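A.B. asks: Got a predicted model here, sequence first, then my questions.
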Amino acid sequence: MSEILKGLRFLKGHGTENDFVIVPDPDGLLDLPPALVARLCDRRAGIGGDGLLRVVRSAAHPEAAPMAAEAEWFMDYRNSDGSVAEMCGNGVRVFARYLVTAGLAEGGELAVATRAGVRAVRVAAEGPDGPGEITVTMGRAELPGPDGIVVTVGERQWPALNVSMGNPHAVVFVDDLAHAGKLLDPPAVAPAAAYPAGVNVEFVVDRGPRHVAMRVHERGSGETRSCGTGACAVMVAAARRDGADPARTGQPVTYTVDLPGGRLVITEQVDGTVLMTGPAVILAEGGIDQRWLAG
Ligand SMILES: N[C@@H](CCC[C@H](N)C(=O)O)C(=O)O
């Protein structure tokens with residue numbers, strides 16, 4: 001057996017071009033320190049990805065063991081800089097696609113444990129056009145405030161809404177997505193105390209009735225081509241701005257959210273839970289040379 005095949009096994013997947021290195025580790029035996037995650041996610045010297053999804057049995061992971069009765073599998077999500085995040089919306093769809101593709105779960109309804117709690121996932125059956133879309137119950141959005149959050153890029157400033165989808169978001173409505181600039185650095189967000197653990201920043205424009213487009217700068221990963229939790233945060237921010245609140249009206253509200261990497265459809269239900277629907281693709285599988293891992 002070659003040195004490469006004796007090394008770490010991985011797969012590559014993406015959801016609306018938010019891409020991930022997937023590392024199956026059912027028994028939780030791997031040590032994945034932040035520096036190794038960052039090397040694996042490096043687009044030139046590694047496999048490349050916006051983040052990494054470690055696939056671990058909930059019972060085998062100390063953070064997930066309390067969820068093991070509800071969800072057999074835990075999504076141990078890391079950003080591309082190696083930092084840990086509570087939740088990843090595109091990641092959970094890709095994670096579910098992996099479970100079904102690998103025969104570790106049936107299609108249809110399944111549950112995935114995340115650091116933000118258990119998420120219910122529905123994997124639609126494959127149709128003539130390929131694999132069906134995946135819908136995730138993302139939990140309730142929280143709008144913890146404070147008022148007066150400001151996002152600055154260059155000479156421009158916008159008021160922002162703090163939305164938590166388990167992970168933190170600052171949502172700003174802009175006239176033109178180009179006004180966010182190149183987003184090579186994290187936008188300045190003030191007051192810093194609103195986000196003690198950092199923040200994902202979404203820039204949003206209107207495309208039509210209940211239809212928006214966005215760009216995102218992700219905490220720990222930089223600008224990405226999509227962010228599922230960000231799209232959910234944007235949907236709720238847009239709904240409140242538009243005077244729509246399902247808990248008040250008794251009517252669910254759906255927005256189409258366009259991202260550079262594709263389209264997500266987000267619904268806020270009457271009980272406040274948010275549903276996210278979109279594609280998920282597994283495109284490659286391979287092994288990593290043990291000598292590279294040791295380097
Ligand atoms: N791309 C993800 C979000 C990943 C985590 C985020 N960068 C954070 O640190 O909170 C998504 O699709 O939700």
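C.D. replies: Sure thing, it's come through. Numbers count the residues shown, from 1 in each chain.

A.B. asks: can you list the residues of the stretch 101-250 of the chain near the ligand?
C.D. replies: Contacts of the stretch 101-250 of the chain with the ligand, taken as CB under 6 Å from any ligand atom, map to 167, 200, 218-221, 224, 227-230. Heads up, the C-betas are built off the backbone N, CA and C, glycines and all.

A.B. asks: if we go to 8 Å?
C.D. replies: Taking CB under 8 Å from any ligand atom as the measure of proximity, the stretch 101-250 of the chain contacts the ligand at 165, 167-169, 198, 200, 216, 218-221, 224, 226-232.

A.B. asks: tell me the SS of residue 87?
C.D. replies: Look at residue 87: counting by DSSP: H, G, I helix; E, B strand; the rest coil, its state is coil.

A.B. asks: if you skip the residues just before and after it, what's nearest to the residue sitting nearest the centre point of the chain?
C.D. replies: Residue closest to the mean C-alpha point of the chain, counted by CA atoms, centre = their mean, is residue 88 at 2.7 Å. Among residues not flanking residue 88 along the chain, residue 77 sits closest, at 4.6 Å (CB to CB, 6 or more residues apart in numbering).

A.B. asks: Would you tell me what the next helix or strand after the helix or strand harbouring residue 12 is?
C.D. replies: If you go by DSSP states H and E, residue 12 is part of strand 9-15. For strand 9-15, the following helix or strand on the C-terminal side (DSSP H and E) is strand 18-24.

A.B. asks: Tell me how far the closest residue in space to residue 124 that isn't next to it in sequence lies from the ligand.
C.D. replies: Among residues not flanking residue 124 along the chain, residue 132 sits closest, at 2.7 Å (CB to CB, 6+ apart). Distance, residue 132 to the ligand, by CB to the nearest ligand atom, to the nearest Å: 19 Å.

A.B. asks: next one: residue 281
C.D. replies: Residue 281 is 14 Å from the ligand, by CB to the nearest ligand atom.

A.B. asks: Who are the contact partners of that residue?
C.D. replies: 13-15, 94, 97, 131 (CB atoms under 8 Å, 6 or more residues apart in numbering).

A.B. asks: Tell me the one of these nearest the ligand?
C.D. replies: residue 15 (7.0 Å; CB to the nearest ligand atom).

A.B. asks: and residue 117, what does it touch?
C.D. replies: Shown in contact with residue 117 (CB under 8 Å, 6+ apart): 67, 139, 166.

A.B. asks: show me what contacts the second one?
C.D. replies: What it means is residue 139. 116-117, 119, 165-166, 273-274.

A.B. asks: which one among these gets closest to the ligand?
C.D. replies: Out of those, the member with the shortest distance to the ligand (by CB to the nearest ligand atom) is residue 165, at 7.4 Å.
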